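Participant: need a structure here:
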Amino acid sequence: ASVLIIFVIVLVAAATATHFFERSDQPDLFGDLPSSLWWAVVTLTTTDTVASVTLDKSATVADTNGNLVTGDVGDVITYTFAVANTGTVTLAPVTITDARLGLTNYVCAATLAAGASASCTYDYTIVAGDLPGPIVNTATATGDAPGTIPDPTVTDTVSTPVAATPVASVGQIDRAFCHG
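Facilitator: Alright, predicted model coming up:
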């Protein structure tokens, strides 16, 4: 009840102040107190319906072929797509499109409430044509907004170095430094 009383006080104060300061400049909107009160009600109770999404794409390379070289043919890059709904409406679904990975409308989140976030991953195996690198690619995230609200779309590009990088094992280090 106290919140309602405070809201009514703020509403009447906003209407009175607006009427006092704006009536001579905008008499059609604020010429009388009831018109100013209506403006205050509409202004203080209207929330914008906004659809907005962010995308943060990242990549990690693993020596999955076991040859102790990271970033050569046969190794896998794991791409992570972190999406966040920064709008005021639920997006369902949020999809990823990434031409290099062959993804078109890949569902990253079936439903993403306002303020929520999610992530999904996709693996890519390095081929000879990718070297010497870096592998640069762009992903697009699109959220399906309700009704006639425009669907938000955002892109992010990541550059993944894939130059062949040897991975030293403990045994190799031991042999290099202990056995002259």
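Participant: ok, residue 81 touching residue 55?
Facilitator: Yes - judged on CB atoms under 8 Å, residue 81 makes contact with residue 55 at a distance of 6.5 Å. C-beta: built from backbone N, CA, C; applies to glycine.
Participant: any residues in contact with both of the two?
Facilitator: The contact sets of residue 81 and residue 55 overlap at 96, 139, 141 (CB atoms under 8 Å, 6 or more residues apart in numbering).
Participant: which one of these has the most neighbours?
Facilitator: Neighbour counts for the shared contacts of residue 81 and residue 55 (other CB atoms under 10 Å) peak at residue 141, which has 27 neighbours.
Participant: chain center to the longest helix seen in the chain, what's the gap?
Facilitator: Across the chain, the longest stretch assigned as helix under DSSP state H is helix 2-22. Offset of helix 2-22 from its chain centre (CA atoms, centre = their mean, to the nearest Å): 37 Å.
Participant: stretch 76-95 now?
Facilitator: 6 Å.
Participant: can you tell me the distance between the two ends of it?
Facilitator: Taking CA to CA, to the nearest Å as the measure, stretch 76-95 stretches 22 Å from start to finish.
Participant: what average pLDDT does it get?
Facilitator: Across stretch 76-95, the average pLDDT comes to 96.
Participant: same question, stretch 128-142
Facilitator: 94.
Participant: list the buried residues for that stretch?
Facilitator: Buried residues in stretch 128-142, defined by neighbour count with 16 or more other CB atoms under 10 Å: 130, 133, 135, 137, 139-142.
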